[in-house]
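In: build the 3D model from these lines:
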Amino acid sequence: MKRIAFCAMLVALLALVSMNASAQGQMSVGAGVDIMLPVGNFGNAWSTGFGGTGEFDYAFSEQGTCITGKIGYLTWSGKSLPSGISASYGGVPLLVGVKYYPHLFASQAGSPVRVYGHLELGLMFGSTSYSGTYTGFGYAGFGYSGSQSKTDFTIVPSVGMEIPAGPKGAVDLSIRYFDIASNGSIGLRGGYKLNL
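Out: Numbering: from 1, shown residues only. Take a look at the predicted model:
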């Protein structure tokens, strides 16, 4: 299933590039800080997550559509754990997506702020780690630790805005739902985007 999803993402990305190969495009890069608020069952086991992500955009037109690629690192720490035990979940998201700037918002009242919708698909190369100290039954205590790696399909719908800051840059603010194999977090991202 993961291979099928990844192949579908690549085919969609290639189709978008080929359809717009003749268009004059605008490339940009950006980086941001992410705060992840876990919800549902994921929120029962993990506390607020943090991380950073970098993004590459290729825009086909000023007010239309662009394709995106994103990579970064995100981590959550375990909560409600017994004394002496710690756990964390973290990993590298690798995402491709489509970002759309609606003409209605881009041209409204000549506002320089650009609102967008963004849908990303990809994989989360994650790892769960734990460690602790066992005491009891006459033992003075001994440490233990372990980890388990897993790759999960990830989908990330979001909405955001770009606020001009400098001749070629913009502050990029967004809110998203980060779904890692049905484990969800509401993500808040603040970053800076620079047109190349």
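In: identify the residue spatially nearest to P164, adjacent ones excluded.
Out: In space, and not counting its chain neighbours, P164 is closest to P112: 4.8 Å by CB to CB, 6 or more residues apart in numbering. Glycine gets a C-beta too; all of them are placed from N, C-alpha and C.
In: mind checking the SS state of the one you found?
Out: Judged by DSSP: H, G, I helix; E, B strand; the rest coil, the three-state class of P112 is coil.
In: need the pLDDT of it.
Out: pLDDT for P112: 83.
In: and E55, by the same measure?
Out: 97.
In: contacts only, for it.
Out: Neighbour list for E55: V29, G30, A31, G32, T68, G69, K70, G191, K193 [criterion: CB atoms under 8 Å, 6 or more residues apart in numbering].
In: now list the buried members of those.
Out: G30, G32, T68, G69, K70, G191, K193 (16 or more other CB atoms under 10 Å).
In: what is the burial count for K168?
Out: Neighbourhood size, K168 [other CB atoms under 10 Å]: 11.
In: go ahead and confirm it touches Y192.
Out: No - using CB atoms under 8 Å as the test, K168 is too far from Y192 to be in contact (10.8 Å).
In: quick one, phi/psi of the residue nearest to P164?
Out: Main-chain torsions, P112, degrees, to the nearest 10: phi -80, psi -10.
In: which strand residues bridge M36?
Out: G49, G187 (DSSP bridges).
In: that one: neighbour count?
Out: For M36, using other CB under 10 Å, the count is 23.
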